[in-house]
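> Predicted model and sequence follow; I will ask about them next.
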Amino acid sequence: MKQSVWVLWIGSLAAMFLGSGWIATGGKIAFWLTLVAHLVEFFVNRTLFARAGGSMGHHFVQTMIYGIFHWQPIKEELDARPG
């Protein structure tokens, strides 16, 4: 599933730089919406990442690239732990 996010990132960048007209505009919109959505996801899930441990920088980069595909499995694992 994570590979699907790469399609979005690469597709939006290709549309921005190689496209023209509405294709370039659509690429810019997709790029910036994805970037902002992932940034919001990171800040909303900071406490989850702190509970999970590890480098906050790693969680930031992974969330900026993969979004929900990074933090959802972490949340499911932590929720499944007893206690």
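Alright, I've got the coordinates. Residues are numbered from 1 along each chain as shown.

> For His38, the count of nearby residues, please.
Neighbour count of His38, defined by other Cβ atoms under 10 Å: 20. In this view, the C-beta of every residue, glycine as well, is placed from N, C-alpha and C.

> Ala15 now?
20.

> got it, and Trp71?
Neighbour number of Trp71 under other Cβ under 10 Å is 20.

> name the element it belongs to?
Using DSSP states H and E, Trp71 falls within helix 68-80.

> Flag the shaky bits of the chain, pLDDT-wise.
Within the chain, the segments meeting pLDDT under 70 span 83.

> re earlier: residues making contact with the helix holding Trp71?
When contacts are defined by Cβ atoms under 8 Å, 6 or more residues apart in numbering, helix 68-80 is touched by residues Met1, Lys2, Val5, Glu41, Asn45, Leu48, Phe49, Arg51, Ala52, His59, Gln62, Thr63.

> Buried among the residues you listed? Make that a PyMOL selection.
Selection of buried members from those for PyMOL, criterion 16 or more other Cβ atoms under 10 Å:
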select buried, resi 5+41+45+49+59+62+63
